[in-house]
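Chemist: structure for the following, please:
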Amino acid sequence: MAVNEDTEREYVPKKEKQSSEEEKRKKKIVPGSLMKATMRPGGGDLTPSDGDQIIYHCTIRTLDGVIVQSTRSECGGNGIPTRHVLGKSKMLLGLLEGIPTMLKGEVAMFKMKPQLHYGEDDCPITAPDGFPKEDELHFEIELIDFFKAKVVTDDLGVIKKLICEGQGWESPREPYEVKAWISAKTVAGKLIVSHTEGEPYFFTFGKSEVPKGLEMGIGTMTREEKAVIFVRSQYLTESPLMPLNEDYEEVQFEVELVHFIQVRDMLGDGRLIKRRIRDGKGDFPMDCPLHDSLLRVHYKGMVLDEEKRVFYDSRVDNDGQPLEFCSGEGLVPEGFEMCVRLMLPGEVALVTCPPDFAYDKFPRPANVPEGANIQWEIELLGFEMPKDWTGFDFKSIMDDAEKLRNTGNRLFKEGKYELAKAKYEKLLREFNHVNPQDDEEGKVFSDTRNLLYLNVAACYLKLGEFRKSIEFCNKVLDAIPTHIKGLYRRGMAYMEAGEFEEAKTDFNMMMKVDKSAEPDATAALLKLKQKEKEAEKKARKQFKGLFDKRPGEIAEVTAEEEDKDQKISESKEEDEGHGGSDGRGSSEDSHEVAPDAPQMGRFSRFWPSRLLSSFWNRRCTIL
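Modeler: Purely as a prediction, here's the structure:
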């Protein structure tokens, strides 16, 4: 091991430049200002370097031998050695320069001029009261130990010493469940608490069940790792592990991380929880079925009631055959699929799921009551990734694309618009890598891509994201301005967004381009007219009497006025339905105000109601 360490240290490139602050300080060192005499040689041939934690005793004497300060109990100190991290801790300039020359176990005497200890200009450490900081002094240093340290907190309140490497790369974090052997000692070596026999100490990460500093240190460990974690007082919080009956300046925790269970809060609100019971094979998350795949699982479903009643077990109720399903197609409850996507092959997980992610929005088994919380025990046996189009000819690619598009169409018809949109958008991403070889292939490819754009637009329309729907329609209409389906879908999106004139333009263009589209366009225009009436009615109610009041008064619509206005509106709609007195039913006449209707204020008298409606809807869109 020593040979390996020597080799490693020999070939690790050293930093060419120190920090500017250290550089400035070391320029203060002049010949004769720092002298070293070895009193007892150390062992080995390694010396401390930046990043090492050093542990040492220090006794300071005057040149006459009078002890000024010491960490040793026989010299009046508390017997506790000093700990610093080279390159991180604030240290006296003489020690910062001198200690890196020492070997482990060495005792040396450093003779320092005042400017190398507390007499330094801008010294980062304040001298104790009465300290002779203007005198030349002797510093007797015993280097007890040094080792590479993991600095967990910037203020050096939590530092880890690695004893034995662990397995894997994953470390526990909130809300993982952890098992560890733990013992705690004071810096003087007094045992405070010990959990090293019987069962390992069990705690849930993030629940304050161990001191904060200890938890932060364990959060840097891997399975089976052994370490010593040094925790100072500011990170020693009260916990079930160690009641704080005394004021500890620092505690050393010896920890062996036995095991931890990966626990994931899938929604962030504690309702959908995935607990890994058995580890799978591979690297997380690279080897998880994150993308739509064919999955094979065994699972057991339980209703979370007092009895924890099992309502389905694939090993029993499916003749021992696993469940096979394609993810991304809404074939299993949403909470089930979300968790399986984050599993590794061979993994077993326990999933606790709320009703809205279980069977309240999915076909519910007969023996599962409405509103039931569910627990699934799931084993991911394996999965198959979707086909890679590399090496496929154009026809095979388009045949596979058509199957996937049909799956999206089925999801759309089932009202699963987000899933359908994801299918279409995935296909569009894959189409970026398809290169038609001739005009015929180019036309097939272009037509299919346009259908996908319009399918995505339809999904956004159903989801209420009208601007996104218009954006995807424009991808088609920018290339083919007379595309009938594109005009129709964009017109519908404009109408839902309240942009009535733009919608009317698209519907009229449909009839102009293709007479066979006239029935669809006519129906759309009738719906548009109804939408305009509803918007006008809303605007009339909003602005009623607003400008008839004197400055400072508030315009209010009374219930009586509202009822009267409603009756007038209904009477006018009835006349329009019968074509009016002359039987023509003109769309322009439909916006005239009845003679006996109440005045709507100066704003309404000077602004035609159709223009008012358009103004109101545009305002709504902008805001």
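Chemist: now L304: closest residue in space, sequence neighbours ignored.
Modeler: Residue nearest to L304 in three dimensions, not counting chain neighbours: N373, with 4.1 Å by C-beta to C-beta, 6 or more residues apart in numbering. C-betas here are computed from N, CA, C, even on glycine.
Chemist: neighbours of that neighbour, how many?
Modeler: By other C-beta atoms under 10 Å, the residues close to N373 number 14.
Chemist: now do the phi/psi pair for it.
Modeler: phi -80, psi 140 (degrees, to the nearest 10).
Chemist: correct me, but it touches F357?
Modeler: No. N373 lies out of contact with F357 (C-beta atoms under 8 Å); the separation is 10.0 Å.
Chemist: can you give the contact residues for stretch 262-276?
Modeler: Residues outside stretch 262-276 that contact it (C-beta atoms under 8 Å, 6 or more residues apart in numbering): 170, 175-177, 204, 261, 335, 338-339, 342-343, 347-354, 357.
Chemist: could you tell me which of these are located in strands?
Modeler: Among the contacts of stretch 262-276, the members found in strands (DSSP state E) are 177, 204, 261, 348-353.
Chemist: need the helices for the stretch 351-500 of the chain, in chain order.
Modeler: Remark: helices assigned in the stretch 351-500 of the chain by DSSP state H, counting those that start in this stretch are 394-413, 417-431, 439-462, 466-477, 484-496, 500-513.
Chemist: could you list every helix and strand in contact with the longest one?
Modeler: So the one you mean is helix 439-462. Counting contacts by 3 or more C-beta pairs under 8 Å, 6 or more residues apart in numbering; DSSP states H and E, helix 439-462 is packed against helix 394-413, helix 417-431, helix 466-477, helix 484-496.
Chemist: okay if I get those as a markdown table plus mean pLDDT and mean neighbour count?
Modeler: As requested, those are exported to a markdown table (pLDDT from 0 to 100; neighbours: other C-beta atoms under 10 Å):
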| stretch | mean pLDDT | mean neighbour count |
| --- | --- | --- |
| helix 394-413 | 94 | 16 |
| helix 417-431 | 94 | 19 |
| helix 466-477 | 97 | 20 |
| helix 484-496 | 97 | 23 |
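Chemist: what residue ranges in this structure score low on pLDDT?
Modeler: Low-confidence segments of the chain, defined by pLDDT under 70: 1-20, 544-623.
Chemist: mind naming the longest helix for it?
Modeler: As assigned by DSSP state H, the longest helix anywhere in the chain is helix 518-543.
Chemist: quick revisit: of the ones in strands among the contacts of stretch 262-276, which is the nearest to L241?
Modeler: Nearest to L241 among the ones in strands among the contacts of stretch 262-276: T204, at 12.2 Å, using C-beta to C-beta.
Chemist: what about the spatially closest residue to the closest one that is not a sequence neighbour, how many neighbours?
Modeler: Nearest residue to T204, sequence neighbours excluded (C-beta to C-beta, 6+ apart): E177, at 5.4 Å. Number of residues near E177 (other C-beta under 10 Å) recorded here: 17.
Chemist: OK, contacts around E177?
Modeler: By C-beta under 8 Å, 6+ apart, the contact set of E177 is 202-205, 260-261, 263, 275.
Chemist: now for these, which pair is the farthest apart?
Modeler: Spatially, the most separated pair among the contacts of E177 is F203 and R275, at 14.9 Å (C-beta to C-beta).
Chemist: show me which of the two is the more surrounded one.
Modeler: F203 (24 against 18).
Chemist: separation between the more buried one and R40?
Modeler: 44 Å (C-beta to C-beta, to the nearest Å).
Chemist: same thing with V152?
Modeler: Shown here: V152 relative to R40, a distance of 33 Å by C-beta to C-beta.
Chemist: more crowded one of the two?
Modeler: Legend: neighbour count by other C-beta under 10 Å for V152 and R40, higher for V152 (20 against 9).
Chemist: now that one: closest residue in space that isn't a chain neighbour?
Modeler: V158 (3.9 Å).
Chemist: thought that neighbour was touching E215?
Modeler: No. With contact defined as C-beta under 8 Å, V158 and E215 do not form a contacting pair (9.4 Å).
Chemist: can you list the residue ranges for strands in the stretch 151-300 of the chain?
Modeler: With strands called from DSSP state E, counting those that start in this stretch, the stretch 151-300 of the chain shows them at 158-164, 177-186, 191-195, 201-204, 226-232, 250-261, 263-265, 273-278, 294-303.
Chemist: ranking those strands by burial, who's on top?
Modeler: Among those, ranked by average contacts under mean count of other C-beta atoms under 10 Å, first place goes to strand 226-232 (a mean of 21).
Chemist: what strands line up against that one, and which way round?
Modeler: Using DSSP bridges, the strands paired with strand 226-232 are strand 158-164 (antiparallel), strand 250-261 (antiparallel).
Chemist: would you turn these into CSV with distance to M35?
Modeler: Shown next, in CSV, are these (distance: least, C-beta to C-beta, whole Å):
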stretch, distance to M35
strand 158-164, 31
strand 250-261, 32
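Chemist: give me the angle between the longest helix of the chain and helix 484-496.
Modeler: Note on geometry: by axes from the mean of the first three to the mean of the last three C-alpha atoms, to 10 degrees, helix 518-543 and helix 484-496 are set 10 degrees apart in direction.
Chemist: quick thing: my sequence starts at 160, can you match it?
Modeler: Yep, numbering from 160; the last one is helix 677-702 now.
Chemist: which parts of helix 677-702 are buried?
Modeler: 679-680, 683-684, 687, 690-692, 694-696, 698-699, 702 (16 or more other C-beta atoms under 10 Å).
Chemist: residue closest to the middle of this structure?
Modeler: Geometric centre of the chain, nearest residue: G427, 9.5 Å, by C-alpha atoms, centre = their mean.
Chemist: buried among the contacts of stretch 421-435? Need that as a selection in ChimeraX.
Modeler: Here is the ChimeraX command that selects the buried residues among the contacts of stretch 421-435 (16+ other C-beta under 10 Å):
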select :334,335,336,363,420,494,497,498,501,502,506,507,508,509,510,511,512,513,516
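Chemist: just to revisit the earlier point, quick one, phi/psi of the residue nearest to the centre of the chain?
Modeler: The phi and psi values for G427, taken as degrees, to the nearest 10, are phi 80, psi 0.
Chemist: ditto for A267
Modeler: Dihedral pair for A267: phi -140, psi 150, per degrees, to the nearest 10.
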